[in-house]
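Participant: got a predicted structure plus its sequence, pasted below:
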Amino acid sequence: MAARMVVGVAVALLAVLLAAATTGADGRDFHVGGRAGWAPNPAEPFNTWAERNRFQVNDTLVFRYNKDADAVLVVTPSHYDACNTTEPVLRLGGGDSRFVFNASGPYFFISADEGRCRAGERLIVVVLAVRNNGGGNSSPPTSPPPAAAPAPHALPPPPPAGKNASSSPAPATAPAATNVTSSPPSPSSAGALKGGVLACLIVGGAAILV
């Protein structure tokens, strides 16, 4: 049981040490000029040396030189081409200088002495772009949804059955008869009796209709 506990503690300590080593290894150190250091007339041009290496963000350039005679200037491309030592972007001194790359892109270095710069003491370093290692966490941009097709014009609902079913107009109905005068009825025996005077005269035992 005790042996298992000792093994477990040892594994935990090893994991902590590995994590600390990984955290500290953020970048690499590059010694400019090797043993000869930052000096004029290098055996291998500094730019040729730089082209053989791959520089990334958080890597460090280490410059070693005679602090009484030299320094390192970080300059613009135009100052680099002209070996112009005035108004540098940054000046590094002290004989043992370190420059950390905090972004990708080109960097330009020259000697603080114009003559030494023209004698080959200058350097261009291109730092590689940082890659996004998100992997599956990132998704390609989605294309905008297609525009919806215009809705067709709605047709009017069909007429109810039995009413206005035909498109042709219905024949006009004859208006109801109004103010119609009727001819007087023909006289009849009943009409003749109406309003007439029936007189029966009996004369001498005989009836006479007037």
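Facilitator: Great, that's in hand. Numbering: from 1, shown residues only.
Participant: ok, which stretches of the protein are strands?
Facilitator: 29-31, 60-64, 72-75, 90-92, 96-100, 105-111, 122-127, 200-203, 206-209 (DSSP state E).
Participant: please identify the deepest-packed of those strands.
Facilitator: The highest average neighbour count among the strands of the chain, using mean count of other Cβ atoms under 10 Å, belongs to strand 72-75 at a mean of 22. C-beta coordinates here come from the backbone N, C-alpha and C atoms, glycine included.
Participant: what mean pLDDT does that strand have?
Facilitator: Averaging pLDDT along strand 72-75 yields 98.
Participant: what lines up beside it in the sheet?
Facilitator: strand 90-92 (antiparallel), strand 105-111 (antiparallel) (DSSP bridges).
Participant: settle this for me: Gly94 is touching Asp68, isn't it.
Facilitator: No: applying Cβ atoms under 8 Å, one finds Gly94 not in contact with Asp68, separated by 10.7 Å.
Participant: the more surrounded of these two?
Facilitator: A direct count of neighbours by other Cβ atoms under 10 Å for Gly94 and Asp68 places Gly94 higher, at 11 against 6.
Participant: report pLDDT for that one.
Facilitator: pLDDT for Gly94: 96.
Participant: distance check, the residue lying closest to it once chain neighbours are set aside against Gly93.
Facilitator: With sequence-adjacent residues excluded and distances taken as Cβ to Cβ, 6 or more residues apart in numbering, Gly94 is closest to Lys67, at 5.5 Å. Between Lys67 and Gly93 the distance is 6 Å, computed by Cβ to Cβ, to the nearest Å.
Participant: just to revisit the earlier point, phi, psi of the residue nearest to Gly94?
Facilitator: Main-chain dihedrals, Lys67, degrees, to the nearest 10: phi -70, psi -20.
Participant: that one: neighbouring residues, count only.
Facilitator: The tally of other residues near Lys67 (other Cβ under 10 Å) stands at 12.
Participant: how near is it to Gly115?
Facilitator: Distance of Lys67 to Gly115, given as Cβ to Cβ: 17 Å.
Participant: go on, Val130?
Facilitator: 38 Å.
Participant: before we move on, what about Ala50?
Facilitator: From Ala50 across to Gly115, the span is 22 Å (Cβ to Cβ).
Participant: who has more neighbours out of those two?
Facilitator: Ala50 (19 against 10).
Participant: show me what contacts the residue lying closest to the more buried one once chain neighbours are set aside?
Facilitator: Using Cβ to Cβ, 6+ apart and skipping residues adjacent in sequence, the residue nearest Ala50 is Val125, 5.2 Å away. Applying Cβ atoms under 8 Å, 6 or more residues apart in numbering, we find Val125 in contact with 50, 55, 61, 101, 106-107, 109.
Participant: got the residues you listed as CSV, with distance to Arg28 and pLDDT columns?
Facilitator: Formatted as CSV, these follow (distance: Cβ to Cβ, whole Å; pLDDT from 0 to 100):
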residue, distance to Arg28, pLDDT
Ala50, 14, 97
Phe55, 9, 98
Leu61, 10, 98
Phe101, 10, 98
Pro106, 19, 98
Tyr107, 16, 98
Phe109, 18, 98
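Participant: since that was my last question, I'll sign off now.
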